[in-house]
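> My questions concern the predicted model and sequence given below.
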Amino acid sequence: NAGVTQTPKFRVLKTGQSMTLLCAQDMNHEYMYWYRQDPGMGLRLIHYSVGEGTTAKGEVPDGYNVSRLKKQNFLLGLESAAPSQTSVYFCAIATTPYEQYFGPGTRLTVT
Amino acid sequence: RKEVEQDPGPFNVPEGATVAFNCTYSNSASQSFFWYRQDCRKEPKLLMSVYSSGNEDGRFTAQLNRASQYISLLIRDSKLSDSATYLCVVNGGDYKLSFGAGTTVTVRA
């Protein structure tokens, strides 16, 4: 997985609970991304970062927050989980924006 | 309109066959194009970039048609291990990629 790990691999939350997903890399790549993947839909970008201390909104940012305090870590937070956030979440890293390498994913279920 | 559209398939082909499929993209300013492969319940992995002149990587051939805004992927001599979902990917401007929903290929013995 090109040195990308995601924690946790699986999680079940109740509506209204909060959690943080961690993406960690050991490749020293500048660009990091959070996507969600739902059946029948392409990967949708939630937030991304072009370097340490930077974050930007993607296509579907509502209900999520992110932080990149250290270059190797990109955190995705859900403050108050909703069933619509049930999905598979993938982190990706890149040296250029377009050749992205993905982590193994986190499967999140919100009941 | 979706930025990247793909025929979801499935394309069900016997081993050794040739299979080809396209995707269309809406942003005429896109400059970078890719095919990613995703196995069931796994992460997407970069299969190949797509260049203007077309390119081959072993049994895989990718073509780009800018005038009609589509990208194609052809797989020759299909193997069982080629069974996967193939994602068409286009740069979506400023550090971002736009992903199609994928075309599923199943190669049968």
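In hand now; what should we look at?

> For chain B, which residues are neighbours of chain A?
B:2, B:4, B:8, B:32, B:34, B:42-46, B:49, B:87, B:91, B:94-102 (CB under 8 Å from any CB of the partner chain). Heads up, the C-betas are built off the backbone N, CA and C, glycines and all.

> now, which of the residues you listed lie within helices?
Among those, no residue falls in helices (DSSP state H).

> Show the buried residues in those residues.
B:4, B:32, B:34, B:43-46, B:87, B:91, B:95-102 (16 or more other CB atoms under 10 Å in any protein chain shown).

> what does the model give residue 18 for pLDDT?
Since you didn't name a chain, this refers to chain A. A:Ser18 carries a pLDDT value of 96.

> ah, I was thinking of chain B
In this model, B:Thr18 carries a pLDDT of 98.

> Could you pull up phi and psi at A:Ala81?
phi -60, psi 140 (degrees, to the nearest 10).

> what number of residues lie near it?
21 (other CB atoms under 10 Å in any protein chain shown).

> now A:Gly16
For A:Gly16, using other CB under 10 Å, the count is 10.

> Contacts only, for it.
Going by CB atoms under 8 Å, 6 or more residues apart in numbering or on different chains, A:Gly16 touches A:Ser80, A:Ala81.

> Assumed it was part of a strand.
No. Read with DSSP: H, G, I helix; E, B strand; the rest coil, A:Gly16 is coil and lies in no strand.

> any idea how far chain B is from it?
Separation of A:Gly16 from chain B (CB to the nearest CB, to the nearest Å): 28 Å.

> show me what contacts residue 49?
With no chain named, the answer covers chain A. Taking CB under 8 Å, 6+ apart, one finds A:Tyr31, A:Met32, A:Tyr33, A:Thr55, A:Ala56, A:Val66, A:Arg68, A:Phe74 in contact with A:Ser49.

> switch to chain B, that's the one I care about
Applying CB under 8 Å, 6+ apart, the residues near B:Ser49 are A:Glu99, B:Ser32, B:Phe33, B:Phe34, B:Asn55, B:Ala62.

> Quick one: classify the residue nearest the centre of chain A as helix, strand or coil.
Note on chain A: the residue nearest the mean C-alpha position is A:Trp34, at 3.1 Å, using CA atoms, centre = their mean. Using three-state DSSP, the structure places A:Trp34 in strand.

> and it, what are its bridge partners?
On the basis of DSSP bridges, A:Trp34 is bridged to A:His47, A:Cys91.

> re the thing from before, if we check chain B, which of the contacts of A:Ser49 are in contact?
Among the contacts of A:Ser49, the residues within reach of chain B (CB under 8 Å from any CB) are A:Tyr31, A:Ala56.

> So among the contacts of A:Ser49, which ones count as buried?
Buried among the contacts of A:Ser49 by 16+ other CB under 10 Å: A:Tyr31, A:Met32, A:Tyr33, A:Thr55, A:Val66, A:Arg68, A:Phe74.

> so which two of those are the farthest from each other?
Greatest spacing in the buried ones among the contacts of A:Ser49, by CB to CB: A:Tyr31 and A:Val66 (13.2 Å).

> which stretches of chain A aren't confidently modelled?
For chain A, applying pLDDT under 70 flags the ranges A:1-2.

> Actually, chain B.
B:92-93.

> Excluding chain neighbours, what is closest to A:Thr54?
A:Arg68 (6.5 Å; CB to CB, 6 or more residues apart in numbering or on different chains).

> Cheers, nothing more for now.
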